[in-house]
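*Asks:* give me the fold of what follows.
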Amino acid sequence: MVKSFSFLGKMNVFRFLICFSLMMTYSHHSKARIAMHVGIIYKKVIGKGFSLSNEKHAIIQVDEREVISLKMKGGYRIELQGLYVRSVKEYGPSGFVRIKGNIFNPEGKIVKTLNEPPLDIYLRTEKKIHYQNNSGEEVELILSPHSV
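*Replies:* Numbering: from 1, shown residues only. As a prediction, this is how the structure comes out:
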């Protein structure tokens, strides 16, 4: 009787160690990810009533605080970072995401920042941000975060 009990005790320890090692190995997969639906529209007025436009759309899955970068043909570039805003009323990932980032012109200078005031977007909704300079160039950024 004692031998079978010690064998079962060893089996339980063995099972615990296996389960614990598997949980530790795959625990990084349990983090909530964000799918960022990003659209950038660049418009340039070339004459009275005429304009050129260029669009780029992407769906990028990112971890929280991971920085993504997208560049247009015209040289405008965006860098974005998303993070869930914690809520004491909800269990698990929050219902909205805070977006931080910048829009850069072709020379690499920041022309618009998305950090102040904070840009909070509810999941599965769309937010548009506009930038226009004095020479008639316009950049429209369309963001829609989704939980993955």
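*Asks:* mind listing the helices for the chain?
*Replies:* For the chain, the helices defined by DSSP state H occupy 2-26.
*Asks:* the bottom helix or strand of it by mean pLDDT?
*Replies:* Lowest by mean pLDDT, DSSP states H and E among the helices and strands of the chain is helix 2-26, with a mean of 58.
*Asks:* leaving out the residues flanking it, which one is nearest to residue 114?
*Replies:* In space, and not counting its chain neighbours, residue 114 is closest to residue 101: 4.7 Å by CB to CB, 6 or more residues apart in numbering. Every C-beta, even on glycine, is put in place using the N, C-alpha and C of the backbone.
*Asks:* and for residue 133?
*Replies:* Counting by CB to CB, 6+ apart, residue 133 lies nearest to residue 111, which is 7.0 Å off, once chain neighbours are set aside.
*Asks:* any regions of this protein where pLDDT drops low?
*Replies:* Scanning the chain for pLDDT under 70 picks out 1-11, 13-14, 16-31, 90, 92-93.
*Asks:* show me how this protein divides into domains.
*Replies:* 1-29, 31-147 (automatic domain parsing).
*Asks:* next one: stretch 41-54 to chain centre, how far?
*Replies:* Stretch 41-54 sits 29 Å away from the centroid of its parent chain (CA atoms, centre = their mean, to the nearest Å).
*Asks:* flag every buried residue along it.
*Replies:* The neighbour-count check on stretch 41-54 (16 or more other CB atoms under 10 Å) flags 41-44 as buried.
*Asks:* in this structure the residue nearest to residue 133 contacts residue 105, no?
*Replies:* Yes. The criterion here is CB atoms under 8 Å, and residue 111 meets it with residue 105 at 4.9 Å.
*Asks:* okay, and the common contacts of those two?
*Replies:* residue 133 (CB atoms under 8 Å, 6 or more residues apart in numbering).
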